[in-house]
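requesting a structural model of the entry that follows:
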Amino acid sequence: MKINRWIALAGIALLVVAAMGAMAFNAYAQAPTQDGDDTSESQDNGAALQGQAAITQEEAEAIALAGYPGAKVLAAELENEGGTLLYSIELDNSMEVEVDANNGTVLPAEAETGAESGG
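Numbers count the residues shown, from 1 in each chain. Purely as a prediction, here's the structure:
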């Protein structure tokens, strides 16, 4: 009878440990990633952020193009970087211009490199 009790206690302990492990695995699997490469999430965020922007994407593109006459917009995206809402505008002259979505201020521009563009 004593052995049966020990087997039952060991079985219960094993079930408790397995349940805790399963809960920890489930919590880890559902945790948001920090890499920022989830395109569906960025699209959802872009739509949600659009209502918070004080200027439109078209206005931001016009502001970006004013600094680079003759350039054309390849892509534009509304994003939240470090608490700052901004439009990231990629031009055909390999420049990426960031425009503050609240006041239209052009942030320091940077040249696009092949490694950053993912191509």
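
only C-alpha atoms for contact and neighbour calcs from this point on.
Fine.

could you check how far Ile55 is from Asn102?
6 Å (CA to CA, to the nearest Å).

with Ala19 instead?
For Ala19 relative to Asn102 (CA to CA), the value is 48 Å.

over to Ala76?
For Ala76, the distance to Asn102 - CA to CA - is 16 Å.

tell me the pLDDT at Tyr68?
Here, the pLDDT recorded for Tyr68 equals 88.

repeat for Met95
Per the predicted model, pLDDT is 89 at Met95.

how many residues are close by it?
18 (other CA atoms under 10 Å).

what's Cys75 sitting at in phi/psi?
Rather than Cys, residue 75 is Ala. phi -160, psi 150 (degrees, to the nearest 10).

for it, give the beta-bridge partners.
In this entry, Ala75 is beta-bridged to Glu90, by DSSP bridges.

tell me how far it lies from Ala66.
With CA to CA as the criterion, Ala75 and Ala66 are 16 Å apart.

same thing with Ile55?
16 Å.

surely Leu78 is in a strand?
Yes: counting by DSSP: H, G, I helix; E, B strand; the rest coil, Leu78 falls inside a strand.

wouldn't it be in contact with Gly51 here?
No: using CA atoms under 8 Å, Leu78 is not in contact with Gly51; the gap is 10.8 Å.

now Val106. Nearest residue, chain neighbours left out?
Once flanking residues are discounted, Val106 sits nearest to Val99: 4.5 Å by CA to CA, 6 or more residues apart in numbering.

now do the helix or strand hosting the one you found: distance to the chain's middle.
Assigned by DSSP states H and E, Val99 falls within strand 95-100. Centroid separation for strand 95-100 versus its chain: 17 Å, with CA atoms, centre = their mean, to the nearest Å.
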